[in-house]
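> sequence and predicted structure below; questions after.
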Amino acid sequence: MISFLIRAVSTGLRAAAQLFRSRPESAELSERLQSWYVDTGVSYYLAARWAFFTGAHPVSGNLFHHAIEMLLKGCLCHVLDERARRRFGHHLRRLWRRYKREMNDPTLSRFDETISRVDRLERLRYPEGLSSYSFQFGLRGPFGPTIGTHAPPKHRQFELAINDVDEFVAAIFAKASLNPQFFTTGFRAEALQVLRRDNPTGIW
């Protein structure tokens, strides 16, 4: 009987602690967190474009992944508390599904393939399991099959059209009614050149 009561009290305390940790954040805190997430996302996006134009494609791909993760989490700050945001980890496709559910906009599905391609780039975070891989990064797709070399069985190929990411970023800002230029006020002229270079959206 005593052990039953102990387990019951313990279960109740864990439930209460979880409820406390999951309580909604205030509107003011959510606004500040959204601004921080988006600001960080824009910085990652800038760094990713710079890396792409300099030919550092593995780093570019990983930075694009960071950028999209931050932007999506920022836009979900009003509906997800810290605990919920952390549960998503670095899984872009899960984040994207939740974002689309909140937006309830069927037209966003046009970015599904872009998100899938960027999500696969998370594998570049660590080198294990990538003994052989290749990149096809360009401003526009689609991309053809790699030719001229024999690919080993575990060969992985990463593809990304940068302008598709540009259009995704522009859509995120439009949906959130955020001014992109607000997040570039501290950037130098060369940073703005990187954001605007071959970018069809014109938002910067």
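That came through, no problem. Numbers count the residues shown, from 1 in each chain.

> contacting residues around residue 59?
Each residue near residue 59 by C-beta atoms under 8 Å, 6 or more residues apart in numbering is listed here: residue 51. Using the backbone N, CA and C atoms, a C-beta is placed for each residue, glycine as well.

> which helix or strand contains it?
helix 57-75 (DSSP states H and E).

> then residue 135?
Judged by DSSP H and E, residue 135 forms part of strand 133-138.

> quick one: mean pLDDT for stretch 108-121?
In this model, stretch 108-121 has a mean pLDDT of 94.

> show residues contacting that stretch.
Taking C-beta under 8 Å, 6+ apart as the rule, stretch 108-121 contacts 61-62, 64-65, 68, 91-93, 96, 99-100, 158-161, 164-165, 167-168, 171, 175.

> also stretch 175-194?
34, 38-39, 42, 46, 49-50, 53, 74-75, 103, 105, 108, 170, 173, 195, 203-204.

> of those residues, select the buried ones using a ChimeraX command.
Command for ChimeraX that selects the buried part of these, burial taken from 16 or more other C-beta atoms under 10 Å:
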select :34,38,42,46,49,50,74,75,108,170,173,195,203,204
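
> pLDDT below threshold where in this protein?
Low-confidence regions of the chain, defined by pLDDT under 70, span residues 1-25, 81-82, 84-86, 88-90, 127, 129-132, 143-155.

> and the longest helix for it?
helix 27-53 (DSSP state H).

> what's that helix packed up against?
Packed against helix 27-53, as judged by 3 or more C-beta pairs under 8 Å, 6 or more residues apart in numbering; DSSP states H and E, are the following elements: helix 57-75, helix 162-175, helix 189-196.

> winner for burial among these?
helix 57-75 (a mean of 22; mean count of other C-beta atoms under 10 Å).

> got the angle for it vs strand 133-138?
70 degrees (axes from the mean of the first three to the mean of the last three C-alpha atoms, to 10 degrees).

> now the longest helix of the chain: buried residues?
30, 33-34, 37-38, 40-52.

> for residue 119, see how far away residue 125 is.
12 Å (C-beta to C-beta, to the nearest Å).
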